[in-house]
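>>> Only the shape, not the letters, is given here:
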């Protein structure tokens with residue numbers, strides 16, 4: 001590729017590895033659910049998360065009386081949300097069993113993991129229902145840094161707090177804070193692999 005003086009060559013981002021089949025199937029189901037209910041197409045871009053948040057909020061009352069349906073929609077929305085994150089941050093799925101409470105999305109540039117299904121479950125129920133735990137797993141050195149950055153943000157309303165959009169913002173802040181700390185400590189080139197999370 002010819003290089004124009006003063007310009008950097010344009011390179012393509014690395015190809016995204018396929019999602020595990022169960023995640024791909026559930027994410028596609030989420031796209032169908034939203035299309036059928038709202039007549040709009042999810043496209044795995046962050047800009048479509050408000051649409052998914054709206055869909056989940058519109059289903060909240062129905063789901064309270066249908067725990068089986070709530071569980072299915074949480075799995076589908078979690079898989080979709082995880083795939084949105086995976087296109088934004090270098091991460092990989094950890095799906096060791098059929099039990100969604102064991103599923104995680106794990107970051108490569110920093111030590112960070114979370115359960116996207118648990119996040120979707122909390123967004124749907126506003127934290128009122130029992131289910132998998134939605135929290136970010138971080139290196140101990142990074143937890144205080146991330147909490148301090150989050151404390152600088154304006155207070156969120158309940159609807160903002162229980163939102164996939166807010167979760168994405170929190171993930172972005174956590175990744176930035178952790179990476180800045182790693183670079184400060186001379187660890188900027190470290191990449192986390194599956195074995196680093198299993199220890």
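Structure's in. What do you need? Worth saying up front: this structure is predicted, and the values here are computed from it rather than measured.
>>> Could you use CA atoms for every contact and neighbour count after this?
Will do.
>>> Output the lowest mean pLDDT helix or strand found in the chain.
Of all helical and strand segments in the chain, the minimum by mean pLDDT, DSSP states H and E falls on helix 158-161, at a mean of 84.
>>> now what about it, what contacts it?
Helix 158-161 is contacted by residues 126, 166 when judged by C-alpha atoms under 8 Å, 6 or more residues apart in numbering.
>>> cool, stretch 169-176 as well?
The contact list for stretch 169-176, computed with C-alpha under 8 Å, 6+ apart, reads 109, 110, 112, 146, 149, 150.
>>> cool, and stretch 101-117?
The contact list for stretch 101-117 (C-alpha under 8 Å, 6+ apart) reads 74-79, 81-82, 86, 89-97, 100, 118, 131-139, 175, 178-179, 182, 190-193, 197.
>>> In strands, which of these fall?
91, 92, 93, 94, 137, 138 (DSSP state E).
>>> And the nearest residue to the fourth one once chain neighbours are set aside, how far from residue 127?
Distances taken as C-alpha to C-alpha, 6 or more residues apart in numbering place residue 104 nearest to residue 94, at 5.1 Å, with adjacent residues excluded. Using C-alpha to C-alpha, to the nearest Å, one obtains 19 Å as the distance from residue 104 to residue 127.
>>> Settle it for me: which of these two has more neighbours?
Set side by side, residue 104 and residue 127 show more neighbours around residue 104, with 21 against 15, by other C-alpha atoms under 10 Å.
>>> And that one, what's its pLDDT?
As predicted, residue 104 sits at a pLDDT of 96.
>>> Do a quick rundown of the helices in the protein.
Taking DSSP state H as the test, the helices found in the chain are 21-38, 49-64, 67-88, 116-125, 140-151, 158-161, 164-184, 194-198.
>>> Need those in TSV (columns: distance to residue 15 and mean neighbour count).
As requested, those are exported to TSV (distance: least, C-alpha to C-alpha, whole Å; neighbours: other C-alpha atoms under 10 Å):
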stretch	distance to residue 15	mean neighbour count
helix 21-38	16	17
helix 49-64	23	17
helix 67-88	10	22
helix 116-125	22	27
helix 140-151	29	14
helix 158-161	32	12
helix 164-184	21	18
helix 194-198	19	10
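>>> How confident was the prediction at residue 132?
63.
>>> what bits of this protein have low per-residue confidence?
For the chain, applying pLDDT under 70 flags the ranges 1-14, 128-133, 199.
>>> ok, 50 please
Counting by pLDDT under 50, the chain shows low-confidence ranges at 1-5, 7-13.
>>> circling back to that earlier point, I'd like to know which of the ones in strands among the contacts of stretch 101-117 are buried.
Among these, those buried by neighbour count (16 or more other C-alpha atoms under 10 Å) are 91, 92, 93, 94, 138.
>>> Adding distance to residue 29, write those residues out as JSON lines.
Output for those, formatted as JSON lines (distance: C-alpha to C-alpha, whole Å):
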{"residue": "91", "distance to residue 29": "22"}
{"residue": "92", "distance to residue 29": "20"}
{"residue": "93", "distance to residue 29": "18"}
{"residue": "94", "distance to residue 29": "20"}
{"residue": "138", "distance to residue 29": "30"}
